[in-house]
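In: need coordinates for the below:
(one chain, ligands or ions: 1)
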Amino acid sequence: MKIGVIFYSTYGHLFGMAQAALNGLKKNGIEAELLRVEETLPEEVLEKMGALEAQKSFADVKKAEVENLTDYDGFIFAFPTRFGNMAGPFSNFIGATGQLWQTGALIGKPFGLITGSATQHSGQESTLITGMVPFIHHGMIFVGIPQSEQALFNSSSMEGGSVYGATTIAAGDGSRMPSETELSLAAVLAVRVGKIAEKLS
Ligand SMILES: Cc1cc2nc3c(=O)[nH]c(=O)nc-3n(C[C@H](O)[C@H](O)[C@H](O)COP(=O)(O)O)c2cc1C
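Out: Numbering: from 1, shown residues only. Here you go, the predicted model:
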């Protein structure tokens, strides 16, 4: 029984959220592996975007390979918002899973989603809701965060987190890193996926 925590990140925020998910799983005795979806933007573009330095921090993480997805019993998928949708590199990765769809290789496997955006009201939930669609096509089982999680009721400070998945808010200049609450919700979601995967397997 093993959970794949598969992320794409440009500036490191989603890497942080994916690490929190991984740590949550491990603390609960659930085997898990962190995997990185490869960048598709050329280096000169990344340099102009000011992303090269941040990308060094996760360059050593093992690359996710489509053909190895069958090794996992459940997944956390983490990707930033791009115009209210899943970021392109992650979409490319999922676009290469046609063979797995044809053979029904991922049917019945649970998954949870993590995303992040610059600001609070600019596409987090649309990214989670549209982001689940390809995995539903695969016959996978969507796992959200139940509202028994008190952090989802917070209205006194700006925090990510949704019933549709864990989220973080990066700020327009990327200066805000995931908060303790956001990281803890990433872990809660991951453990929920892990426990459901255990029951299903
Ligand atoms: C091309 C592009 C489109 C983006 N679109 C949005 C958006 O629609 N809403 C938003 O709040 N942030 C948007 N952002 C900001 C990213 O979501 C933010 O930088 C990201 O969540 C940070 O995560 P990362 O460090 O893991 O890449 C966009 C960023 C880029 C580069």
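In: got the contact list for Thr10?
Out: Applying CB atoms under 8 Å, 6 or more residues apart in numbering to Thr10 gives the contacts 39, 41, 46, 49, 51, 54-55, 80, 87. All C-beta spots, glycine's among them, are computed from the backbone N, C-alpha and C.
In: give me the longest helix you can find in this protein.
Out: helix 180-200 (DSSP state H).
In: in that helix, what counts as buried?
Out: Of the residues in helix 180-200, 181-197 count as buried by neighbour count, 16 or more other CB atoms under 10 Å.
In: what does the chain have sitting close to the ligand?
Out: 9-14, 80-84, 116-119, 122-123, 170, 174 (CB under 6 Å from any ligand atom).
In: same thing but at 5 Å, please
Out: With CB under 5 Å from any ligand atom as the criterion, the chain meets the ligand at residues 9-14, 80-84, 116-119, 122-123, 170.
In: just the ones of those in strands?
Out: 81-82, 116-117 (DSSP state E).
In: picking that back up, who wins for neighbours among the contacts of Thr10?
Out: Pro80 (26 neighbours; other CB atoms under 10 Å).
In: per-residue pLDDT, that residue?
Out: Listed pLDDT for Pro80 reads 98.
In: return the residues in contact with it.
Out: Neighbours of Pro80 in contact, by CB under 8 Å, 6+ apart: 8-10, 13-14, 87, 115-117, 170.
In: reformat those residues as JSON lines; add pLDDT.
Out: Shown next, in JSON lines, are these (pLDDT from 0 to 100):
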{"residue": "Tyr8", "pLDDT": "98"}
{"residue": "Ser9", "pLDDT": "98"}
{"residue": "Thr10", "pLDDT": "98"}
{"residue": "His13", "pLDDT": "98"}
{"residue": "Leu14", "pLDDT": "98"}
{"residue": "Ala87", "pLDDT": "98"}
{"residue": "Thr115", "pLDDT": "98"}
{"residue": "Gly116", "pLDDT": "98"}
{"residue": "Ser117", "pLDDT": "98"}
{"residue": "Ala170", "pLDDT": "98"}
